[in-house]
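> sharing a model prediction with you, sequence too.
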Amino acid sequence: MKVRAGMLAVDAATRFGASTALTFNGEHTTFSELDRAANRAGNRLRHVGLAEGEVVGVLMYNRPEAVHLWLGLERAGLLRVTLHSHFEMQTHVDLLTHLGSSTIVFDSRFTSLVESCLDQLEGFRLIAVGTDAPDWATPWDEVTSAGDDEPWYLEVDEDTPAFIQPTTGTTGTPKPWIVTHRSWAAVVNQNLLHLDTFDGDLSSLGPNDVWMHVHALQWATGFQLLYPPMLRGARTVLVDDSDFDPEAVLDEILAEGVTGLLLPAPMLTPILDVIEARGRVEHTITRLVIFFASPELLDRVTKLLGPVWCHGFGSTEQGAVTTRLLPSEVTDHPVRLGSVGRAASPFFEVAIFNDRGERASTGQLGEIVVRSAMSTSTYWNMPDRTERVFHPGDWFRPEDIGYLDEDGFLYYVDRAVDSIATPEGTVYPHSVENAVLRHRSVANCGVVSDGNGGVIAAVALKPGTANTVELREEIRAAAAPGLKEHEVPRILVMDELPTVLGGAKVQRGLLREQVAGTR
């Protein structure tokens with residue numbers, strides 16, 4: 001079927017033209033103004049020579065131009081590929097080479113990063129967004145000032161690429177997953193239903209809502225939750241993610257009357273610390289999407305903010321939030337706090353397969369597999385990889401391990417590749433990390449093999465916490481309940497853990513290398 005490229009955001013501009021669409025650093029942009037800025041972005045890049053289907057790398061912190069590019073490239077038939085800020089520039093160069101791209105639009109704060117590989121970027125269009133563009137790049141303002149803001153009307157087949165979303169690279173180099181126009185519409189639709197069916201007596205998401213993006217727009221907060229609020233006329237508040245200040249974030253949440261946001265657990269915890277230090281805060285949050293949370297953290301959110309959360313689970317290839325856990329689902333079943341919930345909508349299927357590729361019985365540990373319109377795609381020019389990640393019947397394999405209970409709740413155990421073999425049995429790092437994170441002094445944690453048949457938990461402590469023998473023993477003792485003897489880790493305190501996306505995930509592969517150097 002043919003569809004208009006970028007039609008969702010165009011429709012939002014038509015419906016909510018004079019209302020505020022975007023707020024950044026106290027400045028407001030209406031839906032009509034945002035629509036024109038997106039048109040200028042896409043139109044001008046087409047006019048300077050980029051043809052339909054060309055790939056454009058976008059290396060950007062949260063700022064309005066990132067939104068202009070997201071909307072503008074899609075409607076102009078140009079394929080955006082997000083370049084995650086936690087990677088070295090060589091990784092970006094390799095990815096863009098694989099994709100056949102020769103254009104990078106980058107935040108000028110990444111100038112030194114781009115410059116580090118300038119010798120490999122000969123022939124590239126390098127466009128810098130910001131007031132201090134280097135002399136070897138074209139300033140973004142110069143590009144867009146000559147562009148018109150008339151709509152670019154482009155019809156495309158719904159199964160053609162809309163953009164490319166690389167995986168986050170926690171288990172190796174990022175892999176470019178193609179998001180088609182059809183699968184993208186499914187992602188947006190899934191999230192609209194997800195946001196409309198939170199707990200409590202909430203009306204559907206609408207113009208009175210204020211959605212904030214604190215985490216990297218280039219990752220899940222943008223992929224999942226930029227479009228849905230916009231399509232309902234809600235106001236979007238962008239926060240620069242180049243530096244995370246929990247005090248400032250909380251102040252902005254309160255000042256802007258924020259009703260919804262997504263936060264990974266490592267960013268949510270310090271915000272909760274600030275709330276506790278201040279005492280009770282009067283907030284307007286009604287929808288808080290959390291990733292990578294422990295049961296203890298979810299309990300803490302309920303105590304400090306109320307039952308306004310959902311605990312989400314998913315991956316790049318699966319699409320939107322795929323399963324979710326709501327507070328009402330644990331009220332009479334506290335054991336479910338250890339789950340990641342059930343399918344977030346009727347449009348998403350989840351199952352567990354055993355090692356024979358058959359459905360596992362209830363409670364049996366196995367491979368998590370999923371099926372939906374969101375996950376019907378391929379990796380760019382990686383046919384072997386694509387073939388490996390699908391079971392017969394279009395079941396996608398995210399390479400995660402877990403089990404389902406009798407009520408369909410999914411219990412995530414870990415990434416298959418990260419399981420640790422010990423003489424006493426297999427250890428799954430995720431469960432050990434959750435146990436270590438119970439201690440209030442631990443800011444983040446990653447668990448890997450110690451190389452001697454045991455496991456080691458590398459921890460980053462909260463600011464102002466002294467690394468002492470007594471504290472390490474205290475953390476170990478706090479983690480022990482519920483773990484088998486061979487799962488109880490040795491505690492190693494590190495100044496900084498190797499993470500991605502502002503601390504959202506620990507890079508266990510890199511952590512293994514660093515821990516090996518301490519033996």
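Everything's here; your move.
> which parts of the stretch 1-150 of the chain are helices?
Taking DSSP state H, counting those that start in this stretch as the test, the helices found in the stretch 1-150 of the chain are 7-16, 31-47, 64-75, 89-99, 111-115, 140-145.
> what is the longest one packed up against?
The reference is to helix 31-47. Contact here means 3 or more CB pairs under 8 Å, 6 or more residues apart in numbering; DSSP states H and E; on that basis helix 31-47 packs against helix 7-16, strand 20-24, helix 64-75, helix 140-145. Using the backbone N, CA and C atoms, a C-beta is placed for each residue, glycine as well.
> now do the third one: distance to the chain's middle.
Okay, so that is helix 64-75. Put simply, helix 64-75 sits 18 Å off its chain's centre (CA atoms, centre = their mean, to the nearest Å).
> what is the neighbour count of the closest residue to residue 5 other than its chain neighbours?
Leaving aside its sequence neighbours, residue 5 sits nearest to residue 154 (CB to CB, 6 or more residues apart in numbering; 4.4 Å). For residue 154, the neighbour count with other CB atoms under 10 Å is 18.
> check contacts around residue 154.
Shown in contact with residue 154 (CB atoms under 8 Å, 6 or more residues apart in numbering): 4-6, 52, 75-77.
> if you set the cut-off to 10 Å instead, what comes out?
If you count contacts by CB atoms under 10 Å, 6 or more residues apart in numbering, residue 154 has them with 3-7, 42, 46, 52, 74-78.
> and for residue 137?
104-106, 108, 111, 114-115, 118, 121, 124-130.
> shaky segments in the stretch 201-350 of the chain?
Of all residues in the stretch 201-350 of the chain, none has pLDDT under 70.
> quick one, helices of it?
Ranges of helices in the stretch 201-350 of the chain, per DSSP H, counting those that start in this stretch, are 220-225, 227-231, 246-256, 265-278, 295-305.
> buried residues in the longest one?
By that I understand helix 265-278. Neighbour-count burial for helix 265-278 flags 265-275 (criterion: 16 or more other CB atoms under 10 Å).
> pLDDT weak spots in the chain?
169-172, 501-503, 517-519.
> what about the helices in the stretch 401-519 of the chain?
Counting by DSSP H, counting those that start in this stretch, the stretch 401-519 of the chain has helices at residues 429-436, 469-479, 508-516.
> could you dump those helices to TSV with mean neighbour count and distance to residue 360?
Output for the helices of the stretch 401-519 of the chain, formatted as TSV (neighbours: other CB atoms under 10 Å; distance: least, CB to CB, whole Å):
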stretch	mean neighbour count	distance to residue 360
helix 429-436	23	19
helix 469-479	16	29
helix 508-516	18	25
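> so which of those is nearest residue 147?
Checking those against residue 147 by CB to CB gives helix 508-516 as the closest, at 41.2 Å.
> so which elements touch the closest one?
helix 429-436, strand 442-449, strand 455-461, strand 490-493, strand 499-500 (3 or more CB pairs under 10 Å, 6 or more residues apart in numbering; DSSP states H and E).
> now the fourth one: buried residues?
Across strand 490-493, burial judged by 16+ other CB under 10 Å covers 491-493.
> ok, now which ones touch the spatially most central residue of the chain?
Of all residues in the chain, the one closest to the mean position by CA atoms, centre = their mean is residue 220, 2.5 Å from it. Residues near residue 220 by CB under 10 Å, 6+ apart: 165, 168, 262, 264, 289, 291, 312, 314-316, 320-321, 501, 504.
> burial of residue 346, as a residue count?
Residue 346 has 9 nearby residues by other CB under 10 Å.
> and residue 496, by the same measure?
9.
> hang on, isn't it packed against residue 459?
No - look at residue 496 against residue 459 with CB atoms under 10 Å: they stay out of range, at 11.0 Å.
> overlap of the contact sets of the two?
With CB under 10 Å, 6+ apart, residue 496 and residue 459 have common neighbours residue 444.
> which residue, other than its chain neighbours, is closest to residue 317?
Using CB to CB, 6+ apart, the nearest residue to residue 317 is residue 177, at 5.1 Å.
> ok, residue 390 next?
Here the residue nearest residue 390, using CB to CB, 6+ apart, is residue 396, at 6.0 Å.
> hmm, that neighbour is touching residue 370, no?
Yes - contact criterion CB under 10 Å: residue 396 and residue 370 qualify, at 5.3 Å.
> between those two, which one's more packed in?
residue 370 (25 against 21).
> residue 118 and residue 136 touch, don't they?
Yes - using CB under 10 Å, residue 118 is in contact with residue 136, at 6.8 Å.
> give me the neighbour count for the spatially closest residue to residue 227 that is not a sequence neighbour.
Closest residue to residue 227 apart from its sequence neighbours, by CB to CB, 6+ apart: residue 188 at 4.9 Å. By other CB under 10 Å, the residues close to residue 188 number 21.
> thought residue 56 was touching residue 49?
No - the criterion here is CB under 10 Å, and residue 56 misses it with residue 49 at 12.0 Å.
> higher neighbour count, the two?
Taking neighbours as other CB under 10 Å, residue 56 and residue 49 compare with residue 56 leading, 26 against 9.
> any idea how far residue 58 is from the nearest residue to residue 132 once chain neighbours are set aside?
Distances taken as CB to CB, 6+ apart put residue 108 closest to residue 132, at 5.2 Å, once the chain neighbours are dropped. For residue 108, the distance to residue 58 equals 13 Å [CB to CB, to the nearest Å].
> now for the two: what residues contact both?
Common neighbours of residue 108 and residue 58 (CB under 10 Å, 6+ apart) are residue 129.
> about what we covered before: farthest pair within the contacts of residue 154?
Maximum distance among those (CB to CB): 18.7 Å, for 3 and 46.
> hmm, back to that, kindly confirm my reading that the residue nearest to residue 227 is in a helix.
Yes - judged by DSSP: H, G, I helix; E, B strand; the rest coil, residue 188 forms part of a helix.
> verify the stated contact: it with residue 228.
Yes - the criterion here is CB under 10 Å, and residue 188 meets it with residue 228 at 6.0 Å.
> who touches both of those two?
Residues within reach of residue 188 and of residue 228 at once, by CB under 10 Å, 6+ apart, are 8, 320.
> what distance separates the start and the end of stretch 113-124?
Using CA to CA, to the nearest Å, the span of stretch 113-124 from its first residue to its last is 15 Å.
> out of the helices and strands packed on helix 31-47, which is the most enclosed?
Mean neighbour count (mean count of other CB atoms under 10 Å) peaks for helix 64-75 among the helices and strands packed on helix 31-47, with a mean of 25.
> tell me the angle of that helix relative to strand 20-24?
Here the directions of helix 64-75 and strand 20-24 differ by 130 degrees (axes from the mean of the first three to the mean of the last three CA atoms, to 10 degrees).
> circling back: looking at the helices of the stretch 401-519 of the chain, spot the one closest to residue 247.
Short answer: helix 469-479, nearest of the helices of the stretch 401-519 of the chain by CB to CB, at 24.8 Å.
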